[in-house]
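[1] next one to model:
(one chain, ligands or ions: 1)
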Amino acid sequence: MTTNPKFNAKPAFLDGSVKKMLIDGRWVEAKAGRSFETFNPATGELLARVAEGDAEDVDLAVAAARRAFEGPWRSFKPNQRQNLILKLADLVSQHYEELCVLDTLDMGMPIGRSIQNRERVVGSVRYYAAQAMNIHGETIESSLDGEFFTAALKEPIGVVGAIIPWNSPLFATVKKISVALAAGCTLVLKPAEEAPLTPLRVGELCLEAGIPPGVVNIVSGFGETAGARLSAHPDVDKIAFTGSHFTGQKIIRASAVNVKKLSMELGGKSPNIIFADANLDKAVPGAAMATFNNAGQICCAGTRMYVERAIYDEFVARVAEFGSKMRVGNGLDLQTQMGPLVSTEQLTRVTDYLKIGQQEGAEAVTGGQRLTEGAFGKGNFVPPTVFRNVSDNMRIAREEIFGPVISAIPFDTVDEVVQRANDTPFGLGGGVWTRDVGKAHKVARRIRSGTVWVNAYNVMDPSVPFGGYKMSGFGREGGVHHVDEYLQTKALILNTD
Ligand code: ADP
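    Numbering: from 1, shown residues only. Purely as a prediction, here's the structure:
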């Protein structure tokens, strides 16, 4: 195993104690005294016990967030909020390696990859810090009789419930916290039960940054209890959710109780379209990593790989070869390119789809079965898998697998591939690979999804909005659009006579 001492040391955070929740600036156990276990998906080892917050704890956290919102936090000026977020960015940067190790231990992400994302993660926090001083409404020329000053003001929406998934715990946590702070909101964040450690460690950094008590609360616990209570809580003004569309639908229903504002970043089955005139030396690794990145556990993964028929055989063979050469293993090894799946449930789900694909008549050119030999047997390892002979109506071409599985499908014409690419209930990501700028532009405009990459995939910029069409959700993360999701608009009509 190739290591770096910085990544090898067991983080001091994992000191054997039960990890507590952050409520009102204090670290507390669950009121009911319960805790749950979190495991290393590469080895099966127990990492820590974590406080299992439920409805009672969520209520306490929401009350603390409300008090902070109505109290001291309201008087924080944009520049003061900016300074706090910048301080948090500095601390995240300072502890970046440790935070990456926690992500790797808790959910498997290869450290060689996460370490390269420093700028994306820290830069994103700094981006929101800048946005704290970029909140402005507008004045409106009034047509009313008499003298009026009319304006649309922007105000923070209030108490936010942020419910995050396990696939990128550090990034999801810092993004959800910093955008809420930029807008002047307070929040209760519920990490995923599969990967609660990094979010809790970020909670410590929030306190170190001087973020006042109650502004950031972190309640670890299960979706059906803590998450459900947060979604249905009458005193939560907004839910910012990232996760599966099944859970998204439950949250939408629960949030009706007080007509909460919502943003939903849900799943996808994104098309990645490879034209014969593409630069194949770039498109092969690009198309492979569009799905194999983070073991396919990425909501916008380009899992439906449409390949122009003239190059189908060659291209599919090259992507499969790329996949077969990827180093699968423990994410702590710097050489590892693909780590384990997050949990045994996820392993079952993905291996079920591998069987379904084969039963449906698709052929696994590479991969296709769980890895069990030696150390692999202790973890949740599935190798990069490329299916050929896939048709649009197969389940592996329609349903989100959330694993390292590419469905390769041939196509003949532009109109046909656009129609087939759009024939899905989802609309999160999409890719087009071609040297023809006109064609790239036309296809990109016609794909119905929140992001389309051309001759690239999965590249994210904090200034650029990200989110879904159709069942991939609504609301945007990233860019000024993101901050707006946390703001309310108030009309001011002032008679100045
Ligand atoms: P996955 O199925 O991949 O674990 P989920 O969408 O279920 O993804 O999980 C994303 C987040 O949603 C997690 O924090 C999880 O605890 C939470 N969650 C799950 N079920 C519910 C629910 N009924 N209400 C609110 N949050 C939930």
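[2] so what's the residue of the stretch 1-150 of the chain found nearest the ligand up against?
    Residue of the stretch 1-150 of the chain nearest the ligand, by CB to the nearest ligand atom: V58 (10.3 Å). Bear in mind the C-beta positions are built from the backbone N, C-alpha and C, glycine included. By CB atoms under 8 Å, 6 or more residues apart in numbering, the residues touching V58 are 188, 190, 219, 221, 226, 229-230, 233.
[3] give the next helix or strand downstream of the one helix or strand I396 maps to.
    Following DSSP states H and E, one finds I396 within helix 395-398. Note on helix 395-398: by DSSP H and E, the next helix or strand toward the C-terminus is strand 405-411.
[4] picking that back up, near the ligand, from the contacts of V58?
    Among the contacts of V58, the residues that sit close to the ligand (CB under 6 Å from any ligand atom) are K190.
[5] ok, the contacts of V58 vs G16, which is closest?
    G221 (20.8 Å; CB to CB).
[6] how far away is that closest one from F36?
    8 Å (CB to CB, to the nearest Å).
[7] neighbour count winner among the two?
    Neighbour count, other CB atoms under 10 Å: between G221 and F36, G221 has more, with 28 against 16.
[8] which secondary structure element contains G112?
    Using DSSP H and E, G112 falls in helix 111-114.
[9] what does that helix contact?
    7, 100-101, 103-104, 170, 293-294, 331-337.
[10] related to what we said a few turns ago, where do the contact lists of G221 and F36 overlap?
    Common neighbours of G221 and F36 (CB under 8 Å, 6+ apart) are 52, 193.
[11] and the helix holding I396, what does it pack onto?
    With contacts taken as 3 or more CB pairs under 8 Å, 6 or more residues apart in numbering; DSSP states H and E, helix 395-398 sits against helix 344-359, strand 405-411.
[12] near the ligand, which residues of the stretch 101-250 of the chain?
    163-165, 190, 192-193, 222-224, 227-228, 231, 243-244, 247, 250.
[13] among those, which lie within strands?
    Counting by DSSP state E, those place 163, 190 in strands.
[14] among the residues of the stretch 101-250 of the chain next to the ligand, which ones are in helices?
    228, 231, 247, 250 (DSSP state H).
[15] most neighbours of all those residues, which one?
    Busiest of these [other CB under 10 Å] is S231, holding 26 neighbours.
[16] what are the boundaries of the strands in the stretch 151-300 of the chain?
    Listed in chain order, the strands of the stretch 151-300 of the chain (DSSP state E, counting those that start in this stretch) span residues 159-163, 186-190, 216-218, 238-242, 261-265, 271-274.
[17] reformat these as a markdown table; add distance to D145.
    Output for the strands of the stretch 151-300 of the chain, formatted as a markdown table (distance: least, CB to CB, whole Å):
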| stretch | distance to D145 |
| --- | --- |
| strand 159-163 | 40 |
| strand 186-190 | 41 |
| strand 216-218 | 48 |
| strand 238-242 | 37 |
| strand 261-265 | 34 |
| strand 271-274 | 56 |
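[18] export these to a markdown table and tack on mean neighbour count and mean pLDDT?
    As requested, the strands of the stretch 151-300 of the chain are exported to a markdown table (neighbours: other CB atoms under 10 Å; pLDDT from 0 to 100):
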| stretch | mean neighbour count | mean pLDDT |
| --- | --- | --- |
| strand 159-163 | 29 | 98 |
| strand 186-190 | 30 | 98 |
| strand 216-218 | 31 | 99 |
| strand 238-242 | 26 | 98 |
| strand 261-265 | 21 | 98 |
| strand 271-274 | 29 | 98 |
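[19] correct me if wrong, but F36 is in a strand.
    Yes: counting by DSSP: H, G, I helix; E, B strand; the rest coil, F36 is located in a strand.
[20] so who does it touch?
    49-50, 52, 193, 221-222.
[21] tell me what it is bridged to.
    V50 (DSSP bridges).
[22] and the nearest residue to S244 once chain neighbours are set aside, how many residues sit next to it?
    Leaving aside its chain neighbours, S244 sits nearest to G267 (5.4 Å; criterion: CB to CB, 6 or more residues apart in numbering). For G267, the neighbour count with other CB under 10 Å is 26.
[23] A32 too?
    14.
[24] and it, helix, strand or coil?
    From three-state DSSP, the assignment for A32 is coil.
[25] give me the nearest residue to it, chain neighbours excluded.
    Going by CB to CB, 6+ apart, A32 has D54 as its nearest residue, at 6.2 Å.
[26] wait, what's in contact with that neighbour?
    D54 neighbours (CB under 8 Å, 6+ apart): 30-32, 34, 221-222, 225-226, 229.
[27] phi, psi of A491?
    phi -90, psi 130 (degrees, to the nearest 10).
[28] my guess is it contacts F149, does it?
    No: applying CB atoms under 8 Å as the test, A491 and F149 come out as separate, 11.5 Å apart.
[29] tell me, how many residues neighbour the closest residue to G357 other than its chain neighbours?
    Of all residues not flanking G357 in the chain, I396 sits nearest, at 4.1 Å (CB to CB, 6+ apart). When neighbours are defined as other CB under 10 Å, I396 has 24 of them.
[30] all set, thanks.
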